[in-house]
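Asker: quick check, what structure comes out for this input:
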Amino acid sequence: MSRRIDYGNLMHRAMRGLIQEVLSGVAANGLPGEHHFFITFDTLHPDVEIADWLSDRYPEEMTVVMQHWYDNLNVTDDGFAVTLNFGDNPEPLYIPYDAIRTFVDPSVEFGLRFETQESSGEDDTPPVEEDAPDTTQAPAAQVVSLDSFRKT
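Answerer: The predicted structure is shown next:
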C-alpha cells in the first residue's frame with residue numbers, strides 16, 4: 001500500500017474553511033463595500049434544505065446571490081443557513097459546504113470552483129480558481145489552474 005499526501009482533499013477543506021471564514025465575517029459585520037457573492041450548489045446533496053418549489057425549479061444545481069437583501073445568516077462548521085428573497089418571497093436555505101460547486105465575489109474578481117469527483121478513487125482533483133458564473137452582471141476573474149503544479 002502506497003502512502004501519499006492527499007492534496008485534493010486538503011485543498012477542498014482549506015477552500016471550504018475560507019468560505020466559512022468569509023461568511024462568518026459577513027454574519028458578524030455585514031457585507032463590506034461592494035462585496036457580494038454568487039454561490040452555486042448541488043440541490044441534490046442530501047443535506048441541502050430548500051423549499052420544494054425551488055428544488056422542482058432547480059433539480060440539479062442552483063445559483064443564489066447574497067447582495068442587497070439577506071437575513072438570518074447563520075454559519076456553522078458544516079454549512080450555512082440564510083434567508084434570501086425570491087420574487088418578494090423570503091425563503092430559508094441551508095447549504096452545506098460540501099454542496100458548494102462555485103463561490104464567486106465578482107466585486108474583487110475572486111472565485112473558487114470545486115471539481116466534482118466521480119468516484120474513480122485514483123485522482124483527487126483540487127479546486128480551481130475561476131471566473132464568475134455565466135451572468136452578464138459579473139466581471140471575469142483570473143483563472144489559475146492548480147493542475148499545472150501537480151506531479152504526475
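Asker: so W53: helix, strand or coil?
Answerer: Under DSSP: H, G, I helix; E, B strand; the rest coil, W53 falls in the helix class.
Asker: ok, it to I95 distance?
Answerer: 17 Å (C-beta to C-beta, to the nearest Å). In this view, the C-beta of every residue, glycine as well, is placed from N, C-alpha and C.
Asker: ok, now F38?
Answerer: 13 Å.
Asker: same deal with D78?
Answerer: 10 Å.
Asker: where along this structure do the helices fall?
Answerer: 7-29, 52-57 (DSSP state H).
Asker: E115: which of those is closest?
Answerer: helix 7-29 (8.2 Å; C-beta to C-beta).
Asker: who are the packing partners of the closest one?
Answerer: strand 70-75, strand 100-105, strand 110-113 (3 or more C-beta pairs under 8 Å, 6 or more residues apart in numbering; DSSP states H and E).
Asker: tell me the angle it makes with strand 70-75.
Answerer: Using axes from the mean of the first three to the mean of the last three C-alpha atoms, to 10 degrees, the direction of helix 7-29 lies 130 degrees away from that of strand 70-75.
Asker: and helix 7-29, which residues are buried?
Answerer: Residues of helix 7-29 classed as buried by neighbour count (16 or more other C-beta atoms under 10 Å): G8, M11, H12, M15, R16, I19, Q20, V22, L23, V26.
Asker: gap between that helix and the chain center?
Answerer: Relative to its chain's centre, helix 7-29 lies at 9 Å (C-alpha atoms, centre = their mean, to the nearest Å).
Asker: CA atoms only for that helix - export them in PDB, please.
Answerer: Only the C-alpha atoms of helix 7-29 are listed here, as PDB (Å, rounded to 0.1, in the frame of the first residue of the first chain):
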ATOM      1  CA  TYR A   7      -3.600  17.400  -1.700                       C
ATOM      2  CA  GLY A   8      -7.000  17.400  -3.400                       C
ATOM      3  CA  ASN A   9      -8.900  16.800  -0.200                       C
ATOM      4  CA  LEU A  10      -6.600  19.100   1.800                       C
ATOM      5  CA  MET A  11      -7.300  21.900  -0.800                       C
ATOM      6  CA  HIS A  12     -11.100  21.300  -0.600                       C
ATOM      7  CA  ARG A  13     -11.100  21.500   3.200                       C
ATOM      8  CA  ALA A  14      -9.000  24.700   3.000                       C
ATOM      9  CA  MET A  15     -11.200  26.300   0.400                       C
ATOM     10  CA  ARG A  16     -14.300  25.400   2.400                       C
ATOM     11  CA  GLY A  17     -12.700  26.900   5.500                       C
ATOM     12  CA  LEU A  18     -12.100  30.100   3.600                       C
ATOM     13  CA  ILE A  19     -15.800  30.300   2.600                       C
ATOM     14  CA  GLN A  20     -16.700  29.600   6.300                       C
ATOM     15  CA  GLU A  21     -14.400  32.400   7.500                       C
ATOM     16  CA  VAL A  22     -15.700  34.900   4.900                       C
ATOM     17  CA  LEU A  23     -19.400  34.100   5.700                       C
ATOM     18  CA  SER A  24     -18.700  34.300   9.400                       C
ATOM     19  CA  GLY A  25     -17.300  37.800   8.900                       C
ATOM     20  CA  VAL A  26     -20.400  38.800   6.900                       C
ATOM     21  CA  ALA A  27     -22.700  37.300   9.600                       C
ATOM     22  CA  ALA A  28     -20.900  39.400  12.300                       C
ATOM     23  CA  ASN A  29     -20.400  42.600  10.300                       C
END
